[in-house]
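Participant: Show me how the following folds:
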Amino acid sequence: MSSSFDYDLIIVGAGVGGHGAALHAVKCGLKTAIIEAADMGGTCVNRGCIPSKALLAASGRVRELRDKHHLQSFGIQVGDVQFDRAAIADHAGNLVSTLKGNLTNSLTRLGVDTIRGWGKLAGTQKVTVTNADGEKTYTAKDIMLSPGSVPFVPPGIETDGKTVFTSDEAIKLDWLPQWVAIIGSGYIGLEFSDVYTALGCEVSMIEALPKLMPTFDPDIAKIAKRVLIDPRDIETHTGVIAKTVTPGSPVTIELADLKTKETVDVLEVDACLVATGRIPATKNMGLESLAIETDRRGFIPVNDRMEVLRDGEPVANLWAIGDATGKMMLAHAASAQGVVAVENILQHDRTVHYRSIPAAAFTHPEVSFVGLTEPAAKELAEAEGFKIGTVRSYFKANSKALAENESDGLAKVIYRKDTGEILGTHIIGIHAADLIQEAANAIAQGQTVKELSFIVHTHPTLSEVLDEAFKRAEVTA
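Facilitator: Residues are numbered from 1 along each chain as shown. Here you go, the predicted structure:
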């Protein structure tokens, strides 16, 4: 390290992305500091992935134990199933505390300096930190921004954190409304509809676009509607926006036509979860000190090396990762970006392979995907002049799924017919979130469906669902 700097690397934001970057930087011999103004672990550990999965795990057990028909198919009978809402909430809270402690301890153990306070750029290779003790400036050869994101609340929606709230409040599970509206049918909306219905709540799901789950592959969305929406206490409203939402008892929701904006219905419910996505937390980051402009949505412009861009050109010694870049708003994507940025700081020349990064919704059953949907793959094929192939393999033909009596599901693989390159894979079914990793690894390593068709899978396992799909694929080359 040059003696003219306090650190080799300063990371602003100690979420999963910043944490992963710090660990990799120390491993590579860089003197590193990480700055955090709020909770160590960021959104994922405190208000996102981790507590929501704890709620899904607990509520999923309740759903399973109350499904008498499913249990009787195994020859199992159980009595009346009860649950303690507060204890379920405590399970999530305790998990957050444990992981937050583990994260903080890992940084300390490896020699990363943790600086508490609000960090912002103060010019080239400088960061100021403001806390109760005042303001202090630190210097570093390289600076990495990882400020994360916050829930997006559309205009016209008023939140009070109690009757109208975002996922930040929902994960606390302070109460169980008898009737809850969920605005948005993406991953967050689906997961919370799973939790609420398992615990006895009625749900109204509101989606602005004409179809539910608009970002899902159409085949997956069709099955997801059949198994995650239709059999449950969920009514749906599509093609409408929540024009106004007013907190209270009841909560009043004015629904309007997406195109005309004219009111078409008014709902009165006990609570409303606003699950309309997230926006970057890039305000007051000091970007103006280096004349860096965010895009109209507030995202920091970066290239695939994670260098911050100014007028389309890299800014020396400045990097950004995670949700604030808008590339892929997933915790594990942020961590991958952090590692890539450190590698490039060390002049190892790496880029992020976004098409190989998987994602999942931890509903019951789970939904997962990696790469392109079929419509997106068709657009790419038309633009580049090749043909795509699609193959489907069903859980109902899988021995392990049948043994579990969990045979609702599908694996779909989309590939180039000329080369066999995998363009995307989509799965809905038991343990879909784990199964998707095989396809993600294959995309990352450039394996073709033909090569994968010769790989031996353990029998009987759910992995054979993908094995069957790879074997069905036909390559023309």
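Participant: CA atoms for contacts and neighbours, from now on please.
Facilitator: Will do.
Participant: For the stretch 301-450 of the chain, which segments count as helices?
Facilitator: 331-345, 374-384, 399-403, 432-445, 449-452 (DSSP state H, counting those that start in this stretch).
Participant: so which of the ones you listed comes closest to Pro214?
Facilitator: Proximity to Pro214 (C-alpha to C-alpha) singles out helix 374-384 among these, at 11.6 Å.
Participant: For the closest one, give me every contacting residue.
Facilitator: Outside helix 374-384, the residues that touch it by C-alpha atoms under 8 Å, 6 or more residues apart in numbering are Asp217, Pro218, Lys387, Ile388, Ile414, Leu423, Gly424.
Participant: Report the beta-bridge partners for Thr448.
Facilitator: In this entry, Thr448 is beta-bridged to Glu421, by DSSP bridges.
Participant: Could you check how far it is from Lys417?
Facilitator: Using C-alpha to C-alpha, to the nearest Å, Thr448 is found at 10 Å from Lys417.
Participant: if I look at Leu190, how far off is Lys327?
Facilitator: On the measure of C-alpha to C-alpha, Leu190 and Lys327 end up 22 Å apart.
Participant: what distance separates the lowest-mean-pLDDT helix or strand in the chain from the centre of its chain?
Facilitator: Across the helices and strands of the chain, mean confidence by mean pLDDT, DSSP states H and E is lowest for helix 42-47: a mean of 84. The chain centroid and the centroid of helix 42-47 are separated by 11 Å, computed with C-alpha atoms, centre = their mean, to the nearest Å.
Participant: out of the contacts of helix 374-384, what pair is the most spread apart?
Facilitator: Pro218 and Lys387 (18.8 Å).
Participant: Phe165: neighbouring residues, count only.
Facilitator: When counting by other C-alpha atoms under 10 Å, one arrives at 22 neighbours for Phe165.
Participant: Show me the strands in the stretch 51-200 of the chain, by range?
Facilitator: Ranges of strands within the stretch 51-200 of the chain are 113-116, 118-121, 126-131, 134-145, 149-151, 164-166, 179-183, based on DSSP state E, counting those that start in this stretch.
Participant: will you turn the ones you listed into CSV that also has mean pLDDT and distance to Arg61?
Facilitator: As requested, the strands of the stretch 51-200 of the chain are exported to CSV (pLDDT from 0 to 100; distance: least, C-alpha to C-alpha, whole Å):
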stretch, mean pLDDT, distance to Arg61
strand 113-116, 95, 38
strand 118-121, 96, 40
strand 126-131, 96, 43
strand 134-145, 97, 39
strand 149-151, 94, 28
strand 164-166, 97, 24
strand 179-183, 98, 21
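Participant: Mind putting those strands into TSV with distance to Ala442?
Facilitator: Shown next, in TSV, are the strands of the stretch 51-200 of the chain (distance: least, C-alpha to C-alpha, whole Å):
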stretch	distance to Ala442
strand 113-116	37
strand 118-121	39
strand 126-131	40
strand 134-145	30
strand 149-151	30
strand 164-166	36
strand 179-183	35
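Participant: so which of those gets nearest Phe83?
Facilitator: strand 179-183 (18.5 Å).
Participant: could you pull out the strands for the stretch 251-400 of the chain?
Facilitator: So, for the stretch 251-400 of the chain - with DSSP E, counting those that start in this stretch - the strands run 251-257, 263-269, 271-274, 278-280, 307-310, 313-320, 359-361, 366-371, 388-394.
Participant: Comparing the ones you listed, which comes out most buried?
Facilitator: strand 271-274 (a mean of 28; mean count of other C-alpha atoms under 10 Å).
Participant: In terms of secondary structure, what does that strand contact?
Facilitator: strand 164-166, helix 167-170, strand 179-183 (3 or more C-alpha pairs under 8 Å, 6 or more residues apart in numbering; DSSP states H and E).
Participant: quick one: strands adjacent to it?
Facilitator: Sheet partners by DSSP bridges: for strand 271-274, these are strand 164-166 (parallel), strand 179-183 (parallel).
Participant: Relative to Cys44, how far out is the residue nearest the centre of the chain?
Facilitator: With distances taken as C-alpha atoms, centre = their mean, the chain has Leu330 as the residue nearest its mean C-alpha position (4.1 Å). Look at Leu330 and Cys44: by C-alpha to C-alpha, they are 9 Å apart.
Participant: quick one on the thing from earlier: of the strands of the stretch 51-200 of the chain, which is nearest His69?
Facilitator: Closest among the strands of the stretch 51-200 of the chain, using C-alpha to C-alpha: strand 179-183, at 25.4 Å.
Participant: Show residues contacting the closest one.
Facilitator: Contacts of strand 179-183 (C-alpha under 8 Å, 6+ apart): 189, 193, 201-207, 242, 269-276.
Participant: Next, the angle from that strand to strand 251-257.
Facilitator: Strand 179-183 and strand 251-257 are oriented at 40 degrees to each other (axes from the mean of the first three to the mean of the last three C-alpha atoms, to 10 degrees).
Participant: helices or strands next to the helix ranked longest in the chain in the packing?
Facilitator: For the chain, the helix that runs over the most residues, judged by DSSP state H, is helix 85-109. Applying 3+ C-alpha pairs under 8 Å, 6+ apart, we find helix 85-109 packed against helix 16-27, helix 42-47, helix 49-66, strand 113-116.
Participant: make it 7 Å
Facilitator: helix 42-47, helix 49-66 (3 or more C-alpha pairs under 7 Å, 6 or more residues apart in numbering; DSSP states H and E).
Participant: Please consider this matter closed, and thank you.
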